[in-house]
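> Please work out how this folds:
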Amino acid sequence: MGSVSSDPLTAVIEGRVPWVRREPDGRWSFEPPRPGLLFPGSFNPLHDGHRLLAQVASQRSNQPLAFELSLANVDKPSLPTEEVNRRLKQFTEPIYITRSPTFFEKAQHFPGHTFLVGIDTAIRIVDARYYGGDSGKMNEALAMIRDQQCRFLVAGRKTESGFLELTEAMIPEEFREIFEGIGEAEFRLDVSSTELRQRKA
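Numbering: from 1, shown residues only. Next comes the predicted model:
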């Protein structure tokens, strides 16, 4: 554990550990995660919408919340160490750094957790196109997530089609129990990381 604890990010990058947690005071922790809320994202940048949603979700569920940043992405290059450090500087909250781009993998590392996601992510989770067009693989992944006692808390968001909520996701009947929506009346803040990057550019 010596080299792992002295250089935790490299340990995650090289796959020697599945995750590391950075505490609010800057310490690194490898203690087993306790069930709670996990807010995955790229956070490029972290903005007020993220923080407000985290607050609403934590109060609603009465669970502790941590953020999660995956170094690996399904359809993008892996994040280099310097970029990870840049994004981590935004946080004063606990955050896990992982190499788990899919919720199938996240559920294995964080059993019993509720994943806080936006409606755009929820729609992809139940879309067979993101499983190679194989609805059987999608159902297997959802079943494993459910077997790990994981759930999804889904926030609505503004899109080109208007404000979308959980009702827009085509969730198979057998898995509806693991999805719960946060409605517009409870949370709405029309800001996105993409828009903020475009304005900055």
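
> Report the contact partners of F103.
Counting by C-beta atoms under 8 Å, 6 or more residues apart in numbering, F103 makes contact with F115, I125, A141, I145, C150, F152. To be clear about C-beta, it is placed using only N, CA and C from the backbone, and glycine gets the same treatment.

> what's the closest non-adjacent residue to the fourth one?
Right, the one you point to is I145. A107 (4.4 Å; C-beta to C-beta, 6 or more residues apart in numbering).

> Nearest to the spatial middle of the protein, which residue is it?
P40 (1.6 Å; C-alpha atoms, centre = their mean).

> Just grab the bridge partners of the spatially closest residue to that residue that is not a sequence neighbour for me.
Nearest in space to P40, with sequence neighbours left out and distances taken as C-beta to C-beta, 6+ apart, is E68 at 4.4 Å. Counting by DSSP bridges, E68 forms beta bridges with P40, Y96.

> didn't E68 look like it was pressed against G41?
Yes: here E68 lies in contact with G41, judged by C-beta atoms under 8 Å, at a distance of 7.4 Å.

> Comparing the two, which shows the higher neighbour count?
For E68 versus G41, the count of surrounding residues by other C-beta atoms under 10 Å is larger for E68: 24 against 17.

> ok, that one to V20 distance?
11 Å (C-beta to C-beta, to the nearest Å).

> hey, what's in contact with both of these two?
Common neighbours of E68 and V20, counting by C-beta under 8 Å, 6+ apart, are Y96, I97.

> So what pairs up with G181 in the strands?
Beta-bridge partners of G181, as defined by DSSP bridges: V154.

> going forward can the numbers begin at 55, since that is how I track them
Sounds good: first residue 55 from here, last item G235.

> Am I right that it is in contact with I225?
No: counting by C-beta under 8 Å, G235 stays clear of I225, with 10.4 Å between them.

> The residue nearest to the centre of the chain: what's it in contact with?
By C-beta under 8 Å, 6+ apart, the contact set of P94 is F121, E122, L123, S124, K160, F169, L170, V171.

> and those, which are buried?
Neighbour-count burial (16 or more other C-beta atoms under 10 Å) is assigned, among those, to F121, E122, L123, S124, K160, F169, L170, V171.

> Looking at those residues, spot the one nearest S112.
L170 (8.9 Å; C-beta to C-beta).
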